[in-house]
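J.: when you get a sec, could you give me coordinates for this:
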Amino acid sequence: MGIGEPLDNFDYVMKAIEIINNPKALNIGARHISISTSGLVPRIYELADKKMQCTLSVSLHSSNNKKRSEMMPVNNAYPIEELIKACKYYIKVTNKRISFEYALAKDNNDNLDDAKELAKLLKGMLAHVNLIPINKIEDGAYTKSSNENIIKFRDYLNDAGIVATIRRELGSDIDAACGQLRRQNLK
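T.: Down below sits the predicted model:
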């Protein structure tokens, strides 16, 4: 996650999963494979129709179009309404839970109003929210939310019936977490 869009390379990703899953190759069960996407709606429908047992992870990061478009320009092509419709289709066809990735950025998408909006958006869906403390990137637009806000956000979602967990942070202390290495490499 963080660099590239697997569903932009759909046919090759499907072939790779077929090989990884094959008993004569790596023999890794499909339920142990996660496909991550920024939200390419047509490909989510296509993936659903394949009825694979992989986990689908969708980078959401906001539950309203204005904030999501600022963080993720792909939202301009596939707004939240279309994305959620595709995700509901995926769940209906596969009966599999979707993992929504939500990077929390201080004073941007990490307050209680954002949590309420997200709970309303995902209500009734077979979903899990993976809260990600955003990594500090030199000269980046976003900074990490406070631990207090992250915990309040998670607790609100859980109390609202949306399963939410906080991703464990790895590598940010040495600037080696998601997005940090790439940013350094671009200098």
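J.: how about the lengthiest helix in the chain: buried residues?
T.: Using DSSP state H to define each element, the chain has its longest helix at helix 80-94. For helix 80-94, the neighbour count (16 or more other C-beta atoms under 10 Å) marks Ile80, Leu83, Ile84, Ala86, Cys87, Lys88, Tyr90, Ile91, Thr94 as buried. The way it works is simple: take the backbone N, C-alpha and C, and place the C-beta from them, glycine included.
J.: show me what the helix or strand hosting Ile150 is packed up against.
T.: Ile150 belongs to helix 147-159 when elements are defined using DSSP states H and E. With contacts defined as 3 or more C-beta pairs under 8 Å, 6 or more residues apart in numbering; DSSP states H and E, the packing partners of helix 147-159 are strand 98-104, helix 112-122, strand 127-133, strand 163-166.
J.: run a quick neighbour tally on the closest residue to Glu101 other than its chain neighbours.
T.: Excluding the flanking residues, the one nearest Glu101 by C-beta to C-beta, 6 or more residues apart in numbering is Ser59, at 4.6 Å. Neighbour count of Ser59, defined by other C-beta atoms under 10 Å: 22.
J.: now for Ser59: which residues touch it?
T.: With contact taken as C-beta atoms under 8 Å, 6 or more residues apart in numbering, Ser59 is in contact with Met1, Ser36, Thr37, Ser38, Gly39, Met72, Glu101, Ala103.
J.: ok, now with 10 Å
T.: 1-2, 5, 36-39, 68, 71-72, 74, 99-103, 130, 132 (C-beta atoms under 10 Å, 6 or more residues apart in numbering).
J.: residue most distant from the centroid, this protein?
T.: Residue farthest from the centre of the chain, counting by C-alpha atoms, centre = their mean, is Lys24 at 31.1 Å.
J.: what's the burial count for Ser62?
T.: Residues lying near Ser62 (other C-beta under 10 Å) number 23.
J.: swap in Met72?
T.: Residues near Met72, counting by other C-beta under 10 Å, number 17.
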